[in-house]
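>>> I need the structure of the sequence given here:
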Amino acid sequence: MVDKPILKKADFESDQAVRWCPGCGDYAILAQTQKIFPEITTEKEKVVFISGIGCSSRFPYYMNTYGFHTIHGRAPTVASGLKISNPDLSVWLVTGDGDGFSIGGNHMIHLLRRNVDLNVMLFNNRIYGLTKGQYSPTSEQGKITYSTPMGSLDYPFNPTKLALGARGAFVAKTIDRDLKHLQSMIKRASEHRGTSFIEIYQNCNIFNDGAFSELTDKETKSDRVLKVEHGEPMIFGKENDKGIHLDGTKPKVVTIGDKYSIEDILVHDETDAFIGDMLSNFTASDTFPEPLGVLYCVERPTYDDMMVDQMKQAEKNTKGPKSVNDLLNAGDTWEVK
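Model prediction:
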């Protein structure tokens, strides 16, 4: 048996010059992906990155793996077909809030509900960056951009809530500036069998700079970020003195002290759909902190496994031709000279 090589970050770095705007959050996501991948696989020849169109979709060029830069919004279809036809591959879909939830929204929800065994990294900067600053499906209502000079009238998508509504089996959220957390979410996604969906808050310092500054600034992030871990109480704050308490079925932020103790704080259960949905509602809330971590994770049969089983069953039961070649050579045949 031949020992598999020990891979390093450099083994996942391609020879292509990285071309994003200086200061773009995509650099951090790329670096952490390359850094954590040696812990994910020893067979980079079985890794494929698929993307659509947008700033994030340059990602496959910079990973020293197989890759495919597809067309706008259609990456989920290509990634699904690739995984179904080559089940041994580790398939990663990289998309943005525009590519993934505007023109590609229909494909995304069907990927999630089918539960194809691949991983989705959605870079959410709440803006169209590649086309120079138009509002996107996740831009906040009232957002002033080049395409909405008086403010956007649209209600924005909430990506994690949409993923849960489409019956996503693994839904997580992280942010470009928290490098260790970003790595851990990528690794967790790789370990899940089924569609893994990670929303990554990513700063576009050219067209939407500071969109997530409350979640990254030293002065505010402790009170604005709730890091959830399975089996751990939902506490946050500079002094870890705040927590999420359930008043009946309604969550509320409480201060741990005289009236509430640590026993009164809700413990995260990532297998509980109610808790996952509740946490997704905290997104962009003035009342609740922003949840980062695995919001929801359950195991269920994957589309690709079920399809293979169905094909085997059909082949076993059929009395006719079992392949296209058999069909073409069945019955009367003739030769044209």
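>>> who's in contact with Met278?
Counting by CB atoms under 8 Å, 6 or more residues apart in numbering, Met278 touches Pro251. (C-beta placed from N, C-alpha, C; glycine too.)
>>> Quick check on it: phi, psi?
Listed backbone geometry of Met278 is phi -60, psi -50, with angles given as degrees, to the nearest 10.
>>> could you measure it against Phe37, distance?
Distance, Met278 to Phe37, by CB to CB, to the nearest Å: 33 Å.
>>> If you tally nearby residues, what's the number for Leu226?
Other residues near Leu226 come to 22 when the count uses other CB atoms under 10 Å.
>>> For the helix or strand encompassing Arg188, which outside residues touch it?
According to DSSP states H and E, Arg188 maps onto helix 179-191. Contacts to helix 179-191, defined as CB under 8 Å, 6+ apart, come from residues 28-29, 32-33, 35-36, 39-41, 90, 119, 121, 170, 172-176, 196, 198, 200, 227, 292-294, 297.
>>> Tell me which residues of it come out buried.
Of the residues in helix 179-191, those buried by neighbour count under the rule 16 or more other CB atoms under 10 Å are 179, 181-186, 188-190.
>>> My guess is Ser196 contacts Phe170. True?
Yes: using CB atoms under 8 Å, Ser196 makes contact with Phe170 at a distance of 4.2 Å.
>>> So what's the residue count around Ala330?
Here the number of neighbours of Ala330 (other CB under 10 Å) works out to 10.
>>> got it, and Glu239?
Glu239 is flanked by 11 other residues according to other CB under 10 Å.
>>> again with Lys252
Lys252 has 11 neighbours, counted by other CB under 10 Å.
>>> And for Ser196?
Ser196 has 26 neighbours, counted by other CB under 10 Å.
>>> got it, and Tyr303?
20.
>>> show me the residues around it that make contact.
Going by CB under 8 Å, 6+ apart, Tyr303 touches 80, 84, 114-117.
>>> Now for these: which two are most distant?
By the measure CB to CB, Ile84 and Asn115 form the most distant pair in the contacts of Tyr303, at 12.0 Å.
>>> more crowded one of these two?
The neighbour comparison of Ile84 against Asn115 (other CB under 10 Å) goes to Asn115, with 23 against 18.
>>> correct me, but that one touches Arg193?
No: using CB under 8 Å as the test, Asn115 is too far from Arg193 to be in contact (9.1 Å).
>>> quick one, what contacts the closest residue to Ser51 other than its chain neighbours?
Sequence neighbours aside, Ser57 is the residue nearest to Ser51 in space, at 3.6 Å (criterion: CB to CB, 6 or more residues apart in numbering). Neighbouring residues of Ser57 by CB under 8 Å, 6+ apart: 51, 69, 75, 94-96, 99.
>>> Redo those as a markdown table? Include distance to Lys337, pLDDT and secondary structure.
Conversion of the contacts of Ser57 to a markdown table gives the following (distance: CB to CB, whole Å; pLDDT from 0 to 100; DSSP: H, G, I helix; E, B strand; the rest coil):
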| residue | distance to Lys337 | pLDDT | secondary structure |
| --- | --- | --- | --- |
| Ser51 | 50 | 98 | strand |
| His69 | 46 | 96 | strand |
| Ala75 | 47 | 97 | helix |
| Val94 | 53 | 98 | strand |
| Thr95 | 53 | 97 | strand |
| Gly96 | 57 | 96 | strand |
| Asp99 | 53 | 95 | helix |
